[in-house]
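Undergrad: everything below, folded, please.
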Amino acid sequence: MLERFEEMAAGIEARPHLLRLGALFSETVLVEVGGDEYYLAFDRGHLVSVTGGPSKKTPWRFALVTDREALETFWQPLPPPGFHDIFAMAKIGRMKMLGDMLALVKSLRFVKEVLAIPRAAREETAA
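TA: Residues are numbered from 1 along each chain as shown. Model (predicted):
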């Protein structure tokens, strides 16, 4: 899973529109998958580091908590209803959003598209 998050950095750099969307986003985001913690540190839209946890010392602005099966379903090229969006996953009880929701909502499109980068990679290999 750590490698998948690290690959997102190259995916962001390959998508200039994401760098424009994230130009004002400089935060650390906690993504917890089945109890495993991953800290994604962004600087002006660039994913500068991905660190595995757990860590009580790493500050984060907001967290997305889910299970591995739900995240793998989200990353399918055509995910089923309820897994196509992070808010849909929250609605069906497969994701929790914690922390500063204003920071999430201010950069919502950027965050959603970054999390969906592995989905695009699977679409390209399926084609």
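Undergrad: quick one: strands adjacent to whatever helix or strand Met97 lives in?
TA: Assessed by DSSP states H and E, Met97 sits inside strand 95-99. The strands that strand 95-99 pairs with in its sheet are strand 62-66 (antiparallel) (by DSSP bridges).
Undergrad: biggest helix in this protein by residues?
TA: Criterion DSSP state H: the longest helix present in the chain is helix 2-13.
Undergrad: Leu104 belongs to a helix?
TA: Yes: according to DSSP: H, G, I helix; E, B strand; the rest coil, the state of Leu104 is that of a helix.
Undergrad: list the contacts for the closest residue in space to Ala70 that isn't next to it in sequence?
TA: Leaving out its chain neighbours, the residue that sits closest to Ala70 by Cβ to Cβ, 6 or more residues apart in numbering is Arg94, at 4.1 Å. For glycine as for every other residue, the C-beta is placed from the backbone atoms N, C-alpha and C. Arg94 makes contact with 66-67, 70, 82-83 under the criterion Cβ atoms under 8 Å, 6 or more residues apart in numbering.
Undergrad: many thanks, have a good one.
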